[in-house]
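Visitor: can't give you the sequence, but here's the structure:
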């Protein structure tokens, strides 16, 4: 199962992502954060068993889109917050 959230950015240089999940549900088994670069999705963060709060840092880049890609889940994902910071 894969769920994707697209977030158009009106600024560039996303360097930090924060994700919040309901830890008691433990539904998200594999995930990736990807940025749109030169017409392609480019993976910058990848992980397993999403924690209740994730702070992911990655290299600065100019982009117009960022997405959270749920690569594997036991049921419908329950993300309640996804933030991108410059």
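Guide: That came through, no problem. The model shown is predicted, which means the values in this text are computed figures rather than measured ones.
Visitor: going forward, measure contacts between C-alpha atoms and count neighbours the same way
Guide: Will do.
Visitor: what about the strands in the chain?
Guide: Secondary structure of the chain, counting by DSSP state E: strands at 3-8, 16-20, 28-37, 40-48, 53-57, 65-73, 81-85.
Visitor: possible to save these as a markdown table with mean neighbour count?
Guide: Below are the strands of the chain laid out as a markdown table (neighbours: other CA atoms under 10 Å):
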| stretch | mean neighbour count |
| --- | --- |
| strand 3-8 | 13 |
| strand 16-20 | 17 |
| strand 28-37 | 19 |
| strand 40-48 | 14 |
| strand 53-57 | 13 |
| strand 65-73 | 20 |
| strand 81-85 | 13 |
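Visitor: I'd like those strands as JSON lines, with mean pLDDT appended.
Guide: Putting the strands of the chain into JSON lines (pLDDT from 0 to 100) gives the following:
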{"stretch": "strand 3-8", "mean pLDDT": "56"}
{"stretch": "strand 16-20", "mean pLDDT": "67"}
{"stretch": "strand 28-37", "mean pLDDT": "87"}
{"stretch": "strand 40-48", "mean pLDDT": "91"}
{"stretch": "strand 53-57", "mean pLDDT": "82"}
{"stretch": "strand 65-73", "mean pLDDT": "86"}
{"stretch": "strand 81-85", "mean pLDDT": "77"}
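Visitor: I'd like to know the beta-bridge partner residues of residue 30.
Guide: As for beta bridges, residue 30 partners with residue 48, residue 72 under DSSP bridges.
Visitor: so it sits right up against residue 47, yeah?
Guide: Yes - Residue 30 is within contact range of residue 47, at 5.7 Å (criterion: CA atoms under 8 Å).
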